[in-house]
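Undergrad: take a look and give me a structure for this.
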Amino acid sequence: MGRKKKTDDDGLLTPLELEVMTVLWKKGEASASDVLEALPSEKAYAYTTVSTVLRILVSKGTVNARAEGRGHLYSPALDKSEYEARTLKHVVATVFDGEPTSLLRRLIDEKAISKSELDEIKELLDKRGKR
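TA: Numbers count the residues shown, from 1 in each chain. Below is the predicted model:
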């Protein structure tokens, strides 16, 4: 039995789609050539690959496209914070058995967190508790 390929059914992006979206979130609007140029240099993607991924993202409703001369300019239709929330919900549900406390515990145990970051986390939790 093969691994289940991630699809837009779960709302998550493939690794390459996420790389392309990250470029668009940073740039706001870009051509396929601009996206290709901004991708990490250690990964040599072809222009046609990037163009295909952009068309797929447009078909998913994740990216907007508008004609510009002989090509297109692409911009995010999906807000980065919305995607972060969707991904985090998925991770909590599937990896941490629906327990956000388990996620926080793992994060705190595995990542070096500075005193100022801990203070910020405490402040966020205090605010959340007052709602």
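Undergrad: give me the element the closest residue to Y47 other than its chain neighbours is part of.
TA: The shortest distance from Y47 to any non-neighbouring residue, by C-beta to C-beta, 6 or more residues apart in numbering, is to L36 (5.6 Å). Placement of C-beta: from N, CA and C, glycine included. Assigned by DSSP states H and E, L36 belongs to helix 32-38.
Undergrad: need the residues that contact that helix.
TA: Helix 32-38 is contacted from outside by 20, 23-24, 26-27, 30, 45, 47, 50-51, 54, 71-72, 74, using C-beta atoms under 8 Å, 6 or more residues apart in numbering.
Undergrad: which ones among those lie within strands?
TA: Counted as lying in strands by DSSP state E, out of the contacts of helix 32-38, are G71, H72, Y74.
Undergrad: okay, now the domains of this protein?
TA: 15-76, 80-129 (automatic domain parsing).
Undergrad: quote the end-to-end distance of the first one.
TA: For domain 15-76, the first-to-last residue distance is 16 Å (C-alpha to C-alpha, to the nearest Å).
Undergrad: show the pLDDT at the spatially most central residue of the chain.
TA: The centre of the chain sits closest to L18, judged by C-alpha atoms, centre = their mean, with a distance of 5.1 Å. pLDDT, L18: 96.
Undergrad: against A93, how distant is it?
TA: 19 Å (C-beta to C-beta, to the nearest Å).
Undergrad: now swap in I108 and tell me
TA: Relative to A93, I108 is positioned 20 Å away (C-beta to C-beta).
Undergrad: which residues touch P100?
TA: With contact taken as C-beta under 8 Å, 6+ apart, P100 is in contact with V92.
Undergrad: show me where pLDDT drops low in this structure?
TA: 1-9 (pLDDT under 70).
Undergrad: swap in 90 and give it another go.
TA: Along the chain, the parts satisfying pLDDT under 90 run over 1-11, 40-44, 104-105, 107-115, 118, 121, 125, 128-131.
Undergrad: can you pull out the strands in it?
TA: Applying DSSP E to the chain gives strands spanning 63-68, 71-76.
Undergrad: show me what the last one is packed up against.
TA: Other helices and strands packing on strand 71-76, by 3 or more C-beta pairs under 8 Å, 6 or more residues apart in numbering; DSSP states H and E, are helix 15-27, helix 32-38, helix 47-60, strand 63-68.
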